[in-house]
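Peer 1: task: produce atomic coordinates for the following.
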Amino acid sequence: MASLTLKHVDRAFPNGYEAVKDLNFQIEDGEFVILTGPSGSGKSAVMRMIAGLDEVKNGEIWIGDKLVNSLPPEERGIAMIFQNYTVYPRMTVLENVELGLRLRGIDEKEIGKRTLEVLELLDLVEVRFAKVKNLSDLWKHRTALARAMILEPDVILMDEPLRNVSPKFHNQLTQELVELQERTGVTILYATKNVEEMALLGKRKVMV
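Peer 2: Sure, this is the predicted structure:
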């Protein structure tokens with residue numbers, strides 16, 4: 001886990017449009033913070049810069065005591081969850097959760113240990129052999145969280161992760177996320193413009 005700090009960060013597109021201008025904020029180690037603003041305000045642009053997917057025009061991004069502007073995504077200690085769940089629908093829950101560790105060359109014993117821990121944490125044991133495409137939004141979202149958690153990231157970025165979730169699961173998943181963060185202490189930056197969602201989360205907000 002780590003803190004996250006943005007100092008005077010700008011993001012401009014090739015056509016000259018400034019998506020983000022002089023953004024400053026700090027998230028403490030283990031804090032859950034909501035990044036909010038209207039459509040087109042630059043929430044996704046901020047997330048992509050932190051993750052290393054887009055270039056920072058000016059300013060600095062710090063994760064803990066490490067300046068990450070020049071680091072590739074895989075060296076930043078970041079996990080990111082988008083509104084499309086970030087899972088592979090034709091793979092099983094187990095295969096999805098294990099994949100990140102397998103790509104990093106982790107040994108089988110460690111993969112088994114960490115996978116079981118995360119499956120139990122997110123109540124996924126009973127559906128571990130099911131293909132994700134056959135599951136409800138509830139299980140898909142939990143699988144996406146498990147894929148992020150198993151990598152033991154310093155920071156988890158969540159870009160409107162519940163936007164496409166069925167309304168009947170929305171409140172339950174919001175509450176589960178709060179409880180998960182409180183149990184694990186992972187640092188989370190959560191982007192949304194949904195007022196009801198922000199009220200349910202009940203966390204500090206940063207405007208963009």
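Peer 1: per-residue pLDDT, N15?
Peer 2: Looking at N15, its pLDDT is 85.
Peer 1: give the contact list for it.
Peer 2: Listed by C-beta atoms under 8 Å, 6 or more residues apart in numbering, N15 has no contact partners. In short, each C-beta sits where N, CA and C put it, glycine included.
Peer 1: tally of neighbours for the residue nearest to L4 when sequence neighbours are not counted?
Peer 2: Nearest residue to L4 in three dimensions, chain neighbours excluded: I27, at 4.3 Å (C-beta to C-beta, 6 or more residues apart in numbering). The local packing of I27 (other C-beta atoms under 10 Å) involves 21 other residues.
Peer 1: now for the longest helix anywhere in the chain, which elements pack on it?
Peer 2: Longest helix of the chain, by residue count under DSSP state H: helix 167-184. Judged by 3 or more C-beta pairs under 8 Å, 6 or more residues apart in numbering; DSSP states H and E, the packing partners of helix 167-184 are helix 108-121, helix 137-149, strand 187-191, helix 195-201.
Peer 1: these two touch, right, K7 and L67?
Peer 2: No: at 9.6 Å, K7 does not count as touching L67 under the criterion of C-beta atoms under 8 Å.
Peer 1: shared neighbours, these two?
Peer 2: By C-beta under 8 Å, 6+ apart, K7 and L67 have these common neighbours: E60, I61.
Peer 1: buried ones in stretch 1-19, by neighbour count?
Peer 2: Of the residues in stretch 1-19, M1, A2, S3, L4, T5, L6, V9, R11, A12, A19 count as buried by neighbour count, 16 or more other C-beta atoms under 10 Å.
Peer 1: and which of those residues is nearest to L162?
Peer 2: Nearest to L162 among those is L4, at 21.1 Å by C-beta to C-beta.
Peer 1: dihedrals phi and psi, the closest one?
Peer 2: The phi/psi pair for L4 (degrees, to the nearest 10) reads phi -140, psi 130.
Peer 1: kindly report the same for N134.
Peer 2: Dihedral pair for N134: phi -90, psi 0, per degrees, to the nearest 10.
Peer 1: measure V56 to P14 for me?
Peer 2: Separation of V56 from P14 (C-beta to C-beta, to the nearest Å): 15 Å.
Peer 1: could you export stretch 159-166 as PDB, CA atoms only?
Peer 2: Provided in PDB are the C-alpha atoms of stretch 159-166 (Å, rounded to 0.1, in the frame of the first residue of the first chain):
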ATOM      1  CA  ASP A 159     -12.900   4.300 -13.300                       C
ATOM      2  CA  GLU A 160     -16.700   4.200 -12.900                       C
ATOM      3  CA  PRO A 161     -16.600   0.400 -12.200                       C
ATOM      4  CA  LEU A 162     -20.300   0.200 -11.500                       C
ATOM      5  CA  ARG A 163     -21.600   2.200 -14.400                       C
ATOM      6  CA  ASN A 164     -22.700  -0.900 -16.400                       C
ATOM      7  CA  VAL A 165     -23.800  -3.000 -13.400                       C
ATOM      8  CA  SER A 166     -27.500  -4.000 -13.100                       C
END
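Peer 1: quick check: bridge partners of Q26?
Peer 2: Note on Q26: beta-bridge partners T5, judged by DSSP bridges.
Peer 1: so who does it touch?
Peer 2: By C-beta under 8 Å, 6+ apart, Q26 lies in contact with S3, L4, T5, L6.
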